[in-house]
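Novice: Dropping the sequence and predicted coords here.
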Amino acid sequence: MIKRRVVVEESNILLTTDMENLDLAKFVIKERSLLKRYIHSHPEFLCSLEPLKVEIAPQIVNEMAYASNLASVGPMAAVAGTISQLCLNYLLKQGSRYSIVDNGGDVALKVNKDVTVGLFAGGSSLSGRLGFKVKHSLTPLGICTSSGTVGHSLSFGRSDSVTVFAAKASVADALATALGNYAQGEEDGDAVQNCLSRAEELRDHFRGMVVIVGESAGTIGKIPKMVETSKKVVLEDLFELY
């Protein structure tokens, strides 16, 4: 099994795969170039906080637009998850049976054995103590997290983490952002409940979701079995799989 870091501008990918001699960096550079060229001619795609209609565009743009439309957020909310998803698709086309693409916590994976995903949730006491046992039969799968307290992503909520499990990482990324925006309320429990209420309205588009705000947490849908993790998860290892 090969494990390496692939860094291309803002894309910071931890790749675990059974494929040798594949230049994933070259693939990421190509996809990012296609996106940048599209943004150059459609600058609204970069800054819009609402879904945009896309006509003739590269696949990366179409994937982002589709996911953002489902979640009712701007297309850039899905960029990290979309890159993860496209990388996974590329690896699978090359014949991979085990690949995990972790783009700064936005994960796309297809594996042939069960894996455990550790959860980082900022300053919550639950951070680094919980994980998810992902059965290989449930993959391919997208697992993406948004936070109002960790990282540089724009969020209008105050969740420590909103983790979404969906068929595609592009969709999971957009939905995590959208649901995180609803984690609002003076009390932690209120913020969790508001997030869950919005998740119920979007239930058809994902498999399961977990929200953590401080010492309060909630789930909706079907999530992998939650387990205690023996490996401490830190910010530099967001969604490290082991």
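Specialist: That came through, no problem.

Novice: Name every strand pairing with the helix or strand of the chain with the lowest mean pLDDT and say which way it goes.
Specialist: Every helix and strand in the chain was compared by mean pLDDT, DSSP states H and E; the lowest is strand 225-228, with a mean of 82. Strand 225-228 sits in its sheet next to strand 130-134 (antiparallel), going by DSSP bridges.

Novice: List the buried residues in the partner strand.
Specialist: L130, G131, F132, V134 (16 or more other Cβ atoms under 10 Å). C-beta: built from backbone N, CA, C; applies to glycine.

Novice: returning to what we had before: run through who's touching the least confident helix or strand of the chain.
Specialist: If you take Cβ atoms under 8 Å, 6 or more residues apart in numbering as the criterion, strand 225-228 is touched by T116, R129, L130, G131, F132, K133.

Novice: So the closest residue to the fifth one other than its chain neighbours versus T17, what's the distance?
Specialist: Put plainly, it is F132. Using Cβ to Cβ, 6 or more residues apart in numbering and skipping residues adjacent in sequence, the residue nearest F132 is P224, 4.0 Å away. As judged by Cβ to Cβ, to the nearest Å, P224 and T17 stand 21 Å apart.

Novice: Contact partners for P140?
Specialist: L88, L92, A108, L109, K110, A167.

Novice: now it: how far from Y38?
Specialist: Taken as Cβ to Cβ, the span from P140 to Y38 is 26 Å.

Novice: R207 too?
Specialist: Applying Cβ to Cβ to R207 and Y38 gives a distance of 30 Å.

Novice: again, but for T229
Specialist: With Cβ to Cβ as the criterion, T229 and Y38 are 39 Å apart.

Novice: Ok, P224 next?
Specialist: Using Cβ to Cβ, one gets 35 Å for the distance from P224 to Y38.

Novice: Same question for E186.
Specialist: Noted for E186: a distance of 41 Å to Y38, by Cβ to Cβ.

Novice: who has more neighbours, these two?
Specialist: Between E186 and Y38, counting by other Cβ atoms under 10 Å, Y38 is the more crowded of the two (20 against 8).

Novice: Any idea how many residues pack against the closest residue to the more buried one other than its chain neighbours?
Specialist: The shortest distance from Y38 to any non-neighbouring residue, by Cβ to Cβ, 6+ apart, is to V61 (5.0 Å). Burial of V61 is recorded as 22 neighbouring residues (other Cβ under 10 Å).

Novice: was I right about V61 contacting L52?
Specialist: No - here V61 does not reach L52: they are 9.5 Å apart, not a contact under Cβ atoms under 8 Å.
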